[in-house]
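Enquirer: Sequence plus the predicted model coming up.
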Amino acid sequence: MPRTKNKDSGPPQGKADRYIQPSILLGLLLKISYGYELIQNIQMFGFIEGQAPPGMIYRHLRQLEQDGLVHSNWVTEGAGPAKRVYQITDEGKEVLALWIGNMRKQAENLNAFIKYYEKLLKDNE
């Protein structure tokens, strides 16, 4: 049974990292990036409020690399410390396409749900 909550606080939110994997993959499709730059870039996708926790992003990057979806190299050129640079693999692009298909279907279901709700409201006026 749902808990009673203050209506001003909005609906309950899902897990914060539900869409981190596709966000990382899309961020790397956009451009080859090192971790901190990727953290900055994926904020524009809107699945994380505020700055993404670096530990969470790096944990996902390690898992994506183990799964063969991203590849990394150390870059030692230029001033400053070496940086690990990540890029999406062909398999990562395929998995991202699967995510997009799933997200598209979810969006269709959500839109149908909203239209049904709006119709019920209109019919009950």
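Expert: Happy to help now that I have it. Numbers count the residues shown, from 1 in each chain.
Enquirer: Distance from the chain centre to the biggest helix by length in the chain, please.
Expert: Looking only at the chain and at elements set by DSSP state H, the helix with the highest residue count is helix 90-123. On the basis of Cα atoms, centre = their mean, to the nearest Å, helix 90-123 sits 15 Å off its chain's mean C-alpha point.
Enquirer: Would you indicate which residues of that helix are buried?
Expert: Of the residues in helix 90-123, 92, 95-96, 99 count as buried by neighbour count, 16 or more other Cβ atoms under 10 Å. Quick note: C-beta positions are derived from backbone N, CA and C, even for glycine.
Enquirer: contacts for the helix or strand encompassing residue 85?
Expert: Applying DSSP states H and E as the criterion places residue 85 in strand 83-88. The contact list for strand 83-88 (Cβ atoms under 8 Å, 6 or more residues apart in numbering) reads 25, 28-29, 32-35, 38, 61, 65, 69-75, 96.
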